[in-house]
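In: below is the structure, and that's it, no one-letter string:
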């Protein structure tokens, strides 16, 4: 495909699917664009931040996510065609090498990064999610006739992937994995036009299909999928009826086995659900809210209790325009969000962390000077932030306690040719972090193993600020076996 043809194709994709930050698409593979749409499925895709007043509204701004979900199968074909025209006729199905001859590793302080090698020309659209102590993923490629196909793959280390033996999907179906952990993993089953429910697995070898909407007394076809979170012992899914205001049309359903579902009441005062996420602390829900005690409070956050009630999580007294997270790590939880001061009509970004979900402290933003934080990935021993500067250059900022931070340039870690990190697509299972990066040869997948580390600070000392560290150390080692 000529460069001008490719530019027109990418422009068409961007025009059909507006996103908050255009550099997230410019210069990236079409597959990265689709992944971004799938992960950034909130109103920030199509509406401006920092509203002066929140009002109960219909969920028209959610249609961007519904459109992206229904359109994913078509975009699979677009991305496949683009890669075919780029790389010639011989484009193989995604196939991870079981024993690569060499493996390049990069040491970034307490994290050792290794790149998972893909067959040239392979196509990936979705993001891995944790499954037990490993990961599960859906990869896309072509059969011998050149027709696009999908395959579910699992990995114990994030580097080597193996296809599952079970045929869990029917012809014309794909699954986008939405969440996972020790309990198992849950994904959204999609065709070109429909959401068909969820695919559930507890072990990566056996699968079951489940549609939470079948529990509802009204017609299930009226409800569109919005989000889900997989906790330690249950999964929570969010659906909405586009014909109703979100306050009445949204419904939360939960299941402890992935088969039997029960409706969970929305938190009092919640108007529009923004996100539902899981950390080791529990399942959190964020929503645009209102209450008699605190009219127009912005976005509030709750945590699901053992008796399936929502307990308020008081992150800050400031007006929150958005909340991303919480992201959990071994020492607690962290959120990133935006605040709005109505008197001065100014908005700011902030990060807050907690060790107990009840008391939250603001992170010293001097550690992130000149950076905008996109997302976090938590591990058992620390929390990693993905950020970029005004020129779009990516950085990684790591902390073992959310107080002392270390900072690296993504180019120093992954190479000067890396143009962008798929921050919204990063995944962690507690001991390993998986993050896609856009390099000179297309999308690369990097796996980071976090070693045990501790911040040494004498009692009473002030918290250290972030340090710009020297370039990461690169070593190439011969694989054995």
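Out: Arrived safely. What you see is a predicted model; the values in this text were computed from it and never measured. Residues are numbered from 1 along each chain as shown.

In: going forward, measure contacts between C-alpha atoms and count neighbours the same way
Out: Fine.

In: now the helices: where do they sit in the stretch 201-350 of the chain?
Out: 246-249 (DSSP state H, counting those that start in this stretch).

In: poorly predicted segments of it, please.
Out: Applying pLDDT under 70 to the stretch 201-350 of the chain flags the ranges 293-295.

In: at 90 what do you get?
Out: 215-222, 243, 245-248, 290-297, 317, 330-331, 341-348 (pLDDT under 90).

In: could you find the closest non-adjacent residue to residue 360?
Out: In space, and not counting its chain neighbours, residue 360 is closest to residue 354: 4.6 Å by CA to CA, 6 or more residues apart in numbering.

In: that neighbour: neighbouring residues, count only.
Out: Residue 354 sits with 20 neighbouring residues when counted by other CA atoms under 10 Å.

In: which residues touch it?
Out: Contacts for residue 354 (CA atoms under 8 Å, 6 or more residues apart in numbering) come out as 332, 333, 334, 360, 361.

In: again, 6 Å this time
Out: 332, 333, 360 (CA atoms under 6 Å, 6 or more residues apart in numbering).

In: same thing with residue 438?
Out: By CA under 6 Å, 6+ apart, the neighbours of residue 438 are 418, 419, 420.

In: would you double-check that residue 183 falls in a strand?
Out: No. Using DSSP: H, G, I helix; E, B strand; the rest coil, the assignment for residue 183 is coil, not a strand.

In: list the contacts of it.
Out: 232, 233.

In: so it versus residue 147, what's the distance?
Out: 34 Å (CA to CA, to the nearest Å).

In: got it, and residue 372?
Out: Residue 372 is 40 Å from residue 147, by CA to CA.

In: residues contacting stretch 149-166, please?
Out: 96, 98, 116, 134, 135, 136, 137, 138, 139, 140, 141, 142.

In: take these and keep only those in helices.
Out: Counted as lying in helices by DSSP state H, out of the contacts of stretch 149-166, is not a single one.

In: so which of those belong to strands?
Out: Residues of the contacts of stretch 149-166 located in strands (DSSP state E): 116, 134, 135, 136, 137, 138, 139, 140, 141, 142.

In: scan those residues and report the most crowded one.
Out: residue 136 (30 neighbours).

In: what's the neighbour count on the nearest residue to that residue once chain neighbours are set aside?
Out: Once flanking residues are discounted, residue 136 sits nearest to residue 154: 4.4 Å by CA to CA, 6+ apart. For residue 154, the count of nearby residues is 23 (other CA under 10 Å).

In: local confidence estimate at residue 154?
Out: For residue 154, the pLDDT comes out at 94.

In: please give the element, helix or strand, for it.
Out: strand 148-155 (DSSP states H and E).

In: who does that strand pair with, and is each partner parallel or antiparallel?
Out: strand 134-142 (antiparallel), strand 162-163 (antiparallel) (DSSP bridges).

In: which residues touch the very next helix or strand once past the shortest one?
Out: So that's strand 162-163. Following strand 162-163 in sequence order, the next helix or strand is strand 174-180 (DSSP H and E). Strand 174-180 is contacted from outside by 129, 130, 131, 185, 186, 187, 188, 189, 190, 229, 230, using CA under 6 Å, 6+ apart.

In: do stretch 372-389 as well
Out: Counting by CA under 6 Å, 6+ apart, 328-330, 370-371, 394-400, 423, 428, 430-431 sit against stretch 372-389.

In: so which of these sit within strands?
Out: Those of the contacts of stretch 372-389 mapping onto strands are 328, 329, 394, 395, 396, 397, 398, 399, 428, per DSSP E.

In: how about those in a markdown table, adding distance to residue 345?
Out: What follows is these, written out as a markdown table (distance: CA to CA, whole Å):
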| residue | distance to residue 345 |
| --- | --- |
| 328 | 32 |
| 329 | 34 |
| 394 | 29 |
| 395 | 29 |
| 396 | 31 |
| 397 | 30 |
| 398 | 32 |
| 399 | 32 |
| 428 | 37 |
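
In: who touches stretch 418-436?
Out: Contacts for stretch 418-436 (CA under 6 Å, 6+ apart): 127, 129-130, 375, 377, 379-380, 386, 437-439, 444-449.

In: distance-wise, check residue 369 relative to residue 389.
Out: Counting by CA to CA, the gap from residue 369 to residue 389 is 9 Å.

In: out of these two, which sits in the busier spot?
Out: Remark: of residue 369 and residue 389, residue 389 carries more neighbours, 14 against 10, as counted by other CA under 10 Å.

In: can you tell me how far the more buried one is from residue 220?
Out: Separation of residue 389 from residue 220 (CA to CA): 44 Å.

In: swap in residue 289?
Out: Residue 289 is 26 Å from residue 220, by CA to CA.

In: over to residue 206?
Out: 26 Å.

In: same question, residue 320
Out: Counting by CA to CA - residue 320 and residue 220 are separated by 33 Å.

In: and residue 65, what pLDDT?
Out: Taking residue 65 on its own, its pLDDT is 39.

In: before we move on, what about the one 5 residues further on?
Out: Residue-level confidence at residue 70 comes out at 35, pLDDT.

In: count of neighbours near residue 307?
Out: 6.

In: that one: what's it in contact with?
Out: So residue 307 contacts nothing (CA under 6 Å, 6+ apart).

In: residues near residue 181, how many?
Out: Neighbours of residue 181 using other CA under 10 Å come to 26.

In: what does the one 4 residues further on give?
Out: Using other CA under 10 Å, the number of residues around residue 185 comes to 29.

In: these two touch, right, it and residue 203?
Out: No. Under the criterion of CA atoms under 6 Å, residue 185 lies out of contact with residue 203, with a separation of 8.5 Å.

In: so what touches stretch 231-247?
Out: So stretch 231-247 is contacted by 58-59, 183, 222-229, 249-256, 271-272, 278 (CA under 6 Å, 6+ apart).

In: what about 8 Å?
Out: In contact with stretch 231-247 (CA under 8 Å, 6+ apart) are residues 56-60, 180-183, 186, 212-213, 222-230, 249-258, 270-272, 276, 278-280, 282-283.

In: select only the buried ones of those in ChimeraX?
Out: Only the buried entries of the contacts of stretch 231-247 go into this ChimeraX selection, using 16 or more other CA atoms under 10 Å:
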select :58,59,180,181,182,183,186,212,213,223,224,225,226,227,228,229,230,249,250,251,252,253,254,255,256,258,270,271,272,276,278,279,280,282,283
